[in-house]
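**Q** Okay, sequence plus prediction incoming.
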Amino acid sequence: MEIEILGCRGKIKASAPKYKNHSGFLIDEKLLIDVGEEAFLERKPRAIIFTHFHPDHAYFVFKEETFSPGIPHYGPEPHPLLPNLRIISAKTEILGYRIIPIPVIHAKNLKSFGYVVEKDGKRVFFTGDVAWIEKAHLKEIGQVDLIITEATLIQKGGRINRSGDKIYGHTGIPDLIRILSPLSPKLIFTHYGVWFYKNIDKSKEKLKSLEPQGTKIIPAFDGLKIKV
């Protein structure tokens, strides 16, 4: 698999060259995970999968426009702007890739999935945005060749909100490293928060300094390509 990071900016105003697009991941030029920018559709994907329906992952939500791209598109739950959405609820095959949806805690009122994508013996886990992943679902992920996850908040603990017995928000990068590094030798961080843009070079150094033994940390940029 060849994966291209189309965008690595979170839902923030801050921007910089090579760090300006919102979330999107293109696999082998044909399977697109998240559509944070309308321009991503110019790459002519053959299918689309959404992790969740926040506007930095689904640009049309901000515009309140109906999304009907004329190709199969999938997501974790129905949405009023997606009349032709196909719901993913279990393992499925899309364009020859085996897709395993992994429930992820993130949004207060939206369902969120990460996805394990398998092809030719290789396995990649796209986490989407994360407040937490339950231990049972971590076991479902198993060992993977690469994990692509988020970097909204650098501080341990992140910013977790509570509503009754539910939590939502973004956990911290140190927490993600702790729970995800045992599953993969490589972690790519994307979906940067404001902290990253204050000094991009130093922020990349900070990310690399958190690298645990046995796991390589790769700071993403718009257009980064990696083969698995």
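**A** Yes, it's here. Residues are numbered from 1 along each chain as shown.

**Q** Can you report how many residues neighbour Leu54?
**A** One thing to correct before we go on: residue 54 is His, not Leu. Neighbour count for His54, taken as other CB atoms under 10 Å: 22. For the C-beta atoms, the positions are set from N, CA and C on the backbone; glycine is no exception.

**Q** OK, contacts around it?
**A** Residues near His54 by CB atoms under 8 Å, 6 or more residues apart in numbering: 11, 61, 107, 110, 129.

**Q** from what I can see Ala14 touches Asn199, true?
**A** No - counting by CB atoms under 8 Å, Ala14 stays clear of Asn199, with 11.7 Å between them.

**Q** which of these two has more neighbours?
**A** Legend: neighbour count by other CB under 10 Å for Ala14 and Asn199, higher for Ala14 (15 against 11).

**Q** and that one, how far is that from Asp201?
**A** According to CB to CB, to the nearest Å, Ala14 stands 15 Å off from Asp201.

**Q** Leaving out sequence neighbours, find the closest residue to the residue nearest the centre of the chain.
**A** Geometric centre of the chain, nearest residue: Gly128, 2.9 Å, by CA atoms, centre = their mean. Counting by CB to CB, 6 or more residues apart in numbering, Gly128 lies nearest to Thr51, which is 3.2 Å off, once chain neighbours are set aside.

**Q** one step back: quick one: which of the contacts of His54 is most hemmed in?
**A** Of the contacts of His54, Asp129 is surrounded by the most neighbours, 28 neighbours in total, counting by other CB under 10 Å.

**Q** so His137 sits right up against Ile100, yeah?
**A** No - contact criterion CB under 8 Å: His137 and Ile100 do not qualify, at 10.3 Å.

**Q** between the two, who's got more neighbours?
**A** Higher neighbour count among His137 and Ile100: Ile100, with 19 against 16, using other CB under 10 Å.

**Q** could you point out which element follows the helix ranked longest in the chain?
**A** Identified as the longest helix of the chain according to DSSP state H is helix 200-209. Sequence-wise, the next helix or strand downstream of helix 200-209 (DSSP states H and E) is strand 216-219.

**Q** Tell me the buried residues in that following strand?
**A** For strand 216-219, burial by neighbour count (16 or more other CB atoms under 10 Å) applies to 217-219.

**Q** of the contacts of His54, closest to Leu207?
**A** Asp129 (17.3 Å; CB to CB).

**Q** Kindly provide the distance from the nearest residue to the closest one once chain neighbours are set aside to Phe113.
**A** Leaving aside its sequence neighbours, Asp129 sits nearest to His106 (CB to CB, 6+ apart; 4.5 Å). Separation of His106 from Phe113 (CB to CB) stands at 10 Å.

**Q** can you check Phe60 too?
**A** Separation of Phe60 from Phe113 (CB to CB): 19 Å.

**Q** Settle it for me: which of those two has more neighbours?
**A** Shown here are Phe60 and Phe113; by other CB under 10 Å, Phe113 has more neighbours (25 against 18).

**Q** Thought Val104 was touching that one, still the case?
**A** Yes - judged on CB under 8 Å, Phe113 makes contact with Val104 at a distance of 6.2 Å.
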